[in-house]
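Engineer: With the sequence up front, the predicted model follows.
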Amino acid sequence: MTEERSTELDQLLAEQIAYYRALAGEYEDHALPFGGGDELSAALDAFRPTGSVLELACGQGLWTRQLVRYADEVTALDASPEMLAIAAERVGSDRVRFVRANIFDWVPDRRYDVVFLGFWLSHVPLERFDSFWATMADCITPAGRVFFVDDGYRTADELVEGESSTTVRRRLNDGTTHRAVKVPHRPAELEQRLAACGWRVTVTPTTSGPFYWGAGGLAHRTGPLRNAGDQCAGS
């Protein structure tokens, strides 16, 4: 990646954070008009996220409440203090530690039994997919597991740079707009991309709506973990 492109991505990701900070008070107004959420919740229940759990981009704590039913402890990260404040009030558990952090700059200081991503993976630029999953490898124990839920839905109005671009424009209730990343992953292709990064994850689409979930872990632990800047094999 060129230095110019890296700077452009940093600017885009900063705008994405600004969008979610501004969105905090009206988040539920922008929910997708599709069914499928119950399937995602049931899949997470079946997965049983026990032990120590790390949640990335916890938002308003919707999924945090479900995680804490099973986990001994949850560390919930988000870049938006507004979202974290809502989540802390909503969850109300002393077994949850809320941390403000930009996930792309954050460095884990311990390992967890489970890492959970709730509608976050699609906001990771493809250029940083490899390094993101290398960081994920540094987050989990040798037998650690990952679970994510997400969607690939984008409206025609959002596609200001065309359908081939992963940059979208989101509009708030007051009419202001922000750019964000939205990668329309397809389950089979996402499985292959993860496999190239050394992960064995099964990605399952819901029977209704544009949603999917993924569950799995590292395919092997034959050597030292990659540094965040290393490239995945085959990428």
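Structural biologist: Right, received. Where do you want to start?

Engineer: Out of the helices and strands in this protein, which is least certain?
Structural biologist: In the chain, no helix or strand scores lower on mean pLDDT, DSSP states H and E than helix 3-23, which sits at a mean of 92.

Engineer: Which neighbouring elements make contact with that helix?
Structural biologist: Counting by 3 or more Cβ pairs under 8 Å, 6 or more residues apart in numbering; DSSP states H and E, the packing neighbours recorded for helix 3-23 are helix 81-91, strand 167-171, strand 177-181. All C-beta spots, glycine's among them, are computed from the backbone N, C-alpha and C.

Engineer: now the ones you listed in CSV, with mean pLDDT?
Structural biologist: Listed next are the helices and strands packed on helix 3-23 as CSV, based on pLDDT from 0 to 100:
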stretch, mean pLDDT
helix 81-91, 97
strand 167-171, 96
strand 177-181, 96
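
Engineer: Which among the ones you listed is found nearest to S6?
Structural biologist: Each of the helices and strands packed on helix 3-23 has some distance to S6 by Cβ to Cβ; the shortest is strand 177-181, at 14.3 Å.

Engineer: My guess is L56 contacts I103. True?
Structural biologist: Yes. The criterion here is Cβ atoms under 8 Å, and L56 meets it with I103 at 5.5 Å.

Engineer: With neighbour numbers in mind, choose between the two.
Structural biologist: L56 (23 against 18; other Cβ atoms under 10 Å).

Engineer: List the contacts of the more buried one.
Structural biologist: L56 is in contact with L77, I103, V115, F116, L117, W120, counting by Cβ atoms under 8 Å, 6 or more residues apart in numbering.

Engineer: Spatially central residue in the protein, please.
Structural biologist: W120 (2.3 Å; Cα atoms, centre = their mean).

Engineer: what's that residue sitting at in phi/psi?
Structural biologist: phi -120, psi -40 (degrees, to the nearest 10).

Engineer: Can you name the helix or strand that the residue nearest to A71 when sequence neighbours are not counted falls in?
Structural biologist: Excluding the flanking residues, the one nearest A71 by Cβ to Cβ, 6 or more residues apart in numbering is V53, at 4.1 Å. Following DSSP states H and E, one finds V53 within strand 51-56.

Engineer: now do A43
Structural biologist: Per DSSP H and E: helix 37-47 holds A43.

Engineer: distance between that helix and the chain's centre?
Structural biologist: Centroid separation for helix 37-47 versus its chain: 16 Å, with Cα atoms, centre = their mean, to the nearest Å.

Engineer: Now it: buried residues?
Structural biologist: G37, E39, L40, A43, L44, F47 (16 or more other Cβ atoms under 10 Å).

Engineer: which secondary structure elements does that helix contact?
Structural biologist: helix 62-67, strand 140-151, strand 211-218.

Engineer: Strand 140-151 and that one, what's the angle between them?
Structural biologist: 170 degrees (axes from the mean of the first three to the mean of the last three Cα atoms, to 10 degrees).

Engineer: Tell me who's in contact with the closest residue to P125 other than its chain neighbours.
Structural biologist: Of all residues not flanking P125 in the chain, V181 sits nearest, at 5.2 Å (Cβ to Cβ, 6+ apart). Going by Cβ under 8 Å, 6+ apart, V181 touches L12, L13, Q16, S122, H123, V124, P125, T166, T167, V168.
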